[in-house]
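Novice: Have a look; sequence and predicted model below, questions after that.
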Amino acid sequence: MIALLVLAAVGCGGGDERSNGAPERWTPAADATWQWQLSAPDGDPPNIGYDVGVYDLDLVETPQATIDALHDDGRRVICYFSAGSSEVGRDDGNFTDADQGNVLDGWPDERWVDLASANVRSIMSDRLDLAVNKGCDGVEPDNTDGYRSTDGGGSSNGLGLTEADTRSYLRWLGEEAHRRGLAIGLKNTLGLADDLAGEFDFAVNEQCHRYGECAELAPFLERGKPVFNAEYVDPDTAAEAERQRKATCAEAMAAGTTTLILPLDLDDSYRNACPAPK
């Protein structure tokens, strides 16, 4: 639980911090090891058999028993939720039509949401409350880069979201998380890493090595905060992941990222872990 005082000796803890009078919270160490699983076949619970200090799991779908078992074993839990989109099939958000913009490219069941909407912020506050109630140590709010969704120079998020809107929203979300004693990570949204690295506790990124973007996350590393990164391969197979492991891990070690090579569905069908940065 958040109140756990003993940290496992597997790289899960960087200590406890206070921010602006907020309650004490856990923060991950720069060399923390992690596993990221957001889905599983046949509705099975996540695989928690890896010798890592931090698990990043779905806030709503992860059984309470899984979180409790991880805490009993001295692990920490980051809970994933979408903070910038509505999702078909999720029953924890009553978004209005006015709250929602265009469909996310490649994700037909998700739509961008208005980050300034009082209703959207109320829904996200409820999700943070759920994270506290389930005993999450931190949160990974996804899909906060809608301002970068453009088509021919014009916004295609359907809401006119801007970088300034996103910065304001993320600062609000960070304050709300810290007020509840939760660590918070910046998910992708690389353009705001320099602005927010001092306020957020870690970063979660996808494919910064493939796209040559890891340097944009240096503000986190310079502050001793981990960059948890996932790389995907094509074809999406365990054999291809193993084939690319050596080169990918060499890049990760040079950049200081904590990198996994994972299936795109994040379903634990295979996993290759690079050594933790030193």
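Specialist: Structure's in. What do you need?

Novice: Name the nearest residue to E242, ignoring sequence neighbours.
Specialist: Leaving aside its chain neighbours, E242 sits nearest to N272 (6.3 Å; criterion: C-beta to C-beta, 6 or more residues apart in numbering). Any C-beta I mention is one placed from the backbone N, CA and C, and that applies to glycine too.

Novice: Surely that neighbour touches A241?
Specialist: Yes. Between N272 and A241 there is a contact under C-beta atoms under 8 Å: 4.9 Å.

Novice: of the two, who's got more company?
Specialist: Higher neighbour count among N272 and A241: A241, with 22 against 19, using other C-beta atoms under 10 Å.

Novice: List the residues that contact that one.
Specialist: With contact taken as C-beta atoms under 8 Å, 6 or more residues apart in numbering, A241 is in contact with V233, I261, L262, Y270, N272.

Novice: in which helix or strand would I find it?
Specialist: Following DSSP states H and E, one finds A241 within helix 238-255.

Novice: Can you point out the buried residues in that helix?
Specialist: By neighbour count on 16 or more other C-beta atoms under 10 Å, the buried set for helix 238-255 is A241, Q244, R245, T248, C249, E251, A252, A255.

Novice: just stretch 129-146 next, same as before
Specialist: For stretch 129-146, by 16+ other C-beta under 10 Å, it's 130-131, 134-146.

Novice: Work out the gap between that stretch and the centre of the chain.
Specialist: Centre-to-centre, stretch 129-146 and its host chain are 8 Å apart (C-alpha atoms, centre = their mean, to the nearest Å).

Novice: what about the strands in the stretch 101-250 of the chain?
Specialist: Assigned by DSSP state E, counting those that start in this stretch, the strands in the stretch 101-250 of the chain fall at 107-113, 138-142, 150-151, 154-155, 183-187, 202-206, 227-231.

Novice: got those strands as CSV, with mean pLDDT and distance to Y169 columns?
Specialist: Shown next, in CSV, are the strands of the stretch 101-250 of the chain (pLDDT from 0 to 100; distance: least, C-beta to C-beta, whole Å):
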stretch, mean pLDDT, distance to Y169
strand 107-113, 95, 10
strand 138-142, 99, 10
strand 150-151, 55, 18
strand 154-155, 51, 16
strand 183-187, 99, 12
strand 202-206, 99, 17
strand 227-231, 99, 21
